[in-house]
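Undergrad: Give me coordinates for this.
(one chain, ligands or ions: 1)
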Amino acid sequence: MPPATLAAVAPSRVAPRGSRALTRGAARRAPSCRLSAVAPASRLRSSPVSASGPRPSSRRAHSLVAMAAPDDAGADEGADAMSVFSPSKVNLFLRIVRRRPDGFHDLASLFHVIDLGDDMRFARSASVTRDTLVCSDDTIPLDGRNLVIKALDLFRAKTGVNQYFWVELEKKVPHGAGLGGGSGNAATALWAANELCGRPATEEELLEWSGDIGSDISVFFSKGAAYCTGRGEIVEDVEPPLPLDTPMLLVKPDVGLSTPQIFKALDLDGLSDEDPLKLLERIGKEGCKDEICVNDLEAPAFGELPELLELKERLRREGEASGVASVFMSGSGSTIVQVGSDAVPEFVEKDEALFRAKTRLITREKGKWYEPSALR
Ligand code: C5P
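TA: You can find the predicted model right below:
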């Protein structure tokens, strides 16, 4: 079996930072990705794709290649490979409209892609039976329960392209965070698979198909700022409502929240009565304010995790002096977003149990994928 290595490919630049308007140049094909350097494997833990679920966390880190490759699953030697940034998102407001007969909820939310993201590498695999996923986080399942594998299965089913893939995933976005980290991985996998196979699908098709495997994936096929309705999978591009270089800080307790559980605990009588289209109009004119950045999932999340309400209130209180414009929860939690200043308050600085990350809004041009801002 040839050694399976993925190549790091120099990323290309996208939308200018600090621009209020989206850059919408003519669609351009991404440059083809050529092998340029052997990917560093040192920080990744690895495992063959297996139906037996997550690996025991006691397992030691091994060489990526040695551990990860089942006999028939090496990356094609000399094949194109690509390194891709896998972003996450915040919800600048999130209104729940109704509970649907199918158990899902219709929502109306302004999503924005952000530059807190994971690093992913993709190559076409020699396997004719399975994808291989290796990941730095050994609590994450690597089999068909993982959205990346679901995305690759979807890609093959929809395009008819019988190609399997080798995928490396270095996690930086926490899960159970309301940041859509796993959804971003799935969208990135669809994007990369399509690129590696010569673009059999259009971006519009990728967006449409992605709704089959999750509600929060389609938004990543927008340009970065999107008003989403339905389950979240109906995506309408909007102009970014804030300058892209608006300072933002994400703070999350070490406890995550389960999205289905938060939706289940939602009291439909306790919803905000703000018209989401008015919120959309106001945020474009007035920027982030607490009365605009409403999230109907805060109440059930704070019910499940009272310390989250305390965290929000403390960030709000302590941010008064440092120009914080608004503090709110993203998605179904448990991340609290501070907008207007990315200064880390002293109480957060001192509490090692709190995840914290400065972040910026990002956008992309049609034909290109997301890249981190200059902050990273
Ligand atoms: O679509 P996704 O897999 O992200 O949804 C996870 C769960 O969150 C769903 O099974 C459902 O319980 C809940 N959900 C919902 N309404 C939405 C999105 C998600 O009730 N719009």
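Undergrad: list the buried ones in stretch 260-272?
TA: Neighbour counts over stretch 260-272 (16 or more other CB atoms under 10 Å) mark 262-263, 265-266, 271-272 as buried. For every residue, glycine as well, the C-beta is placed using N, CA and C.
Undergrad: ok, now stretch 164-183?
TA: Buried, per 16+ other CB under 10 Å, within stretch 164-183: 164-171, 173-174, 176-183.
Undergrad: Which residues of the stretch 251-376 of the chain lie near the ligand?
TA: Counting by CB under 6 Å from any ligand atom, the stretch 251-376 of the chain comes close to the ligand at 259-260, 263.
Undergrad: Just put these in CSV and tack on pLDDT and secondary structure.
TA: Formatted as CSV, these follow (pLDDT from 0 to 100; DSSP: H, G, I helix; E, B strand; the rest coil):
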residue, pLDDT, secondary structure
259, 98, helix
260, 97, helix
263, 98, helix
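Undergrad: and the closest residue to residue 277 other than its chain neighbours, bridged to which residues?
TA: Excluding the flanking residues, the one nearest residue 277 by CB to CB, 6 or more residues apart in numbering is residue 108, at 7.7 Å. Beta-bridge partners for residue 108, by DSSP bridges, are residue 95.
Undergrad: Could you double-check that residue 108 sits in contact with residue 98?
TA: No: the pair residue 108 / residue 98 is not scored as a contact, 10.4 Å apart, by CB atoms under 8 Å.
Undergrad: Who has more neighbours out of those two?
TA: residue 108 (22 against 11; other CB atoms under 10 Å).
Undergrad: check contacts around that one.
TA: 95, 97, 227-229, 276-277 (CB atoms under 8 Å, 6 or more residues apart in numbering).
Undergrad: Rebuild those residues as a markdown table, extending it with neighbour count.
TA: As requested, the contacts of residue 108 are exported to a markdown table (neighbours: other CB atoms under 10 Å):
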| residue | neighbour count |
| --- | --- |
| 95 | 23 |
| 97 | 16 |
| 227 | 21 |
| 228 | 24 |
| 229 | 17 |
| 276 | 20 |
| 277 | 11 |
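Undergrad: Which one of those is nearest to residue 327?
TA: Of all those, residue 327 sits closest to residue 95, with 18.0 Å by CB to CB.
Undergrad: Could you check how far the closest one is from the ligand?
TA: 11 Å (CB to the nearest ligand atom, to the nearest Å).
Undergrad: Report pLDDT for that residue.
TA: At residue 95, the model reports a pLDDT of 98.
Undergrad: pull the CA atoms of the helix or strand encompassing residue 283 into CSV?
TA: In this structure, residue 283 sits in helix 276-286 according to DSSP states H and E. Taking Å, rounded to 0.1, in the frame of the first residue of the first chain, the C-alpha atoms of helix 276-286 are listed here in CSV:
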residue,chain,number,x,y,z
PRO,A,276,-37.9,38.9,11.8
LEU,A,277,-38.0,41.0,8.6
LYS,A,278,-38.1,44.1,10.7
LEU,A,279,-35.1,42.8,12.7
LEU,A,280,-33.3,42.3,9.4
GLU,A,281,-34.1,45.8,8.3
ARG,A,282,-33.1,47.3,11.7
ILE,A,283,-29.8,45.4,12.0
GLY,A,284,-28.6,46.7,8.6
LYS,A,285,-29.3,50.3,9.7
GLU,A,286,-28.6,50.2,13.5
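Undergrad: which strands and helices sit next to that helix?
TA: strand 81-99, strand 105-124 (3 or more CB pairs under 8 Å, 6 or more residues apart in numbering; DSSP states H and E).
Undergrad: Enumerate the positions of the first one that are buried.
TA: Across strand 81-99, burial judged by 16+ other CB under 10 Å covers 81-97.
Undergrad: same deal with the longest one?
TA: Going by neighbour count (16+ other CB under 10 Å), the buried part of strand 105-124 is 105, 107-124.
Undergrad: what mean pLDDT would you report for whichever helix or strand comes after it?
TA: Of the helices and strands lying after strand 105-124 in sequence (DSSP H and E), the nearest is strand 132-135. When pLDDT is averaged over strand 132-135, the result is 98.
Undergrad: all strands for the stretch 201-350 of the chain, in order.
TA: 225-229, 234-237, 248-252, 326-329, 336-339 (DSSP state E, counting those that start in this stretch).
Undergrad: To residue 129, which of the ones you listed lies closest?
TA: Of those, nearest to residue 129 by CB to CB is strand 234-237, at 33.5 Å.
Undergrad: Let me see the mean pLDDT of the longest helix along the chain.
TA: Once the chain is assigned using DSSP state H, the helix that runs over the most residues is helix 181-196. Averaged across helix 181-196, pLDDT comes to 98.
Undergrad: and that helix, what does it pack onto?
TA: strand 81-99, strand 105-124, helix 147-159, strand 165-170, helix 203-210.
Undergrad: Would you mind naming what in the stretch 101-250 of the chain lies close to the ligand?
TA: 104-105, 107, 214-216, 231-232.
Undergrad: contact partners of the helix holding residue 283?
TA: 92-93, 95, 97, 108-110, 227, 238-239, 241-242, 292-294.
Undergrad: Mind telling me the two of the residues you listed farthest from one another?
TA: Longest span within those, CB to CB: 97 and 242, 24.0 Å.
Undergrad: I'd like to know which of the residues of the stretch 101-250 of the chain next to the ligand are buried.
TA: Neighbour counting with 16+ other CB under 10 Å marks 105, 107, 214-216, 231-232 as buried within these.
Undergrad: And the residues you listed, which is closest to residue 158?
TA: residue 214 (15.0 Å).
Undergrad: hang on, that closest one packs against residue 183?
TA: Yes: using CB under 8 Å, residue 214 is in contact with residue 183, at 5.4 Å.
Undergrad: Please enumerate the shared neighbours of those two.
TA: Joint contacts of residue 214 and residue 183 (CB under 8 Å, 6+ apart) are residue 147.
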